[in-house]
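Undergrad: Just need the structure, nothing else, for what follows:
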Amino acid sequence: MAVALGALLLPAQRPLSLVALATAIPAYAAASRVRFEYGGTVALPTQAVFVVMWFVLPPRTLPLVVCAALVLGMLPDIVRGATPPD
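TA: Residues are numbered from 1 along each chain as shown. Next up, the predicted model:
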């Protein structure tokens, strides 16, 4: 619900570039697969990709792009059966 509201209410300040979109989704998905463990916590390096996405994609598309990239990043585990698809 929040993703849909964000997509509708955030301003579209720049046009959508398909090249930027086609680059951002796999980059975010790949970054979401990397895990840095230290102590008892886990960190993901997705923030670096997300900051770049703010500059190259329209802000209203960011929630949808991040959701799509996270699903794409989880797909290998779901296909292998390592993660249940729920």
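Undergrad: use CA for all of it now, contacts and neighbours both
TA: OK.
Undergrad: before we move on, what SS does Glu66 have?
TA: No, residue 66 isn't Glu; it's Val. helix (DSSP: H, G, I helix; E, B strand; the rest coil).
Undergrad: how about it, what does it touch?
TA: Val66 is in contact with Ile25, Tyr28, counting by CA atoms under 8 Å, 6 or more residues apart in numbering.
Undergrad: Can you give me the pLDDT of it?
TA: You'll see Val66 listed with a pLDDT of 95.
Undergrad: gap between the residue nearest the centre of the chain and Ala43?
TA: The structure's the chain has its C-alpha centroid closest to Val66; by CA atoms, centre = their mean the separation is 2.6 Å. As judged by CA to CA, to the nearest Å, Val66 and Ala43 stand 17 Å apart.
Undergrad: How about Arg14?
TA: 31 Å.
Undergrad: got it, and Tyr28?
TA: In terms of CA to CA, Tyr28 sits 14 Å off from Ala43.
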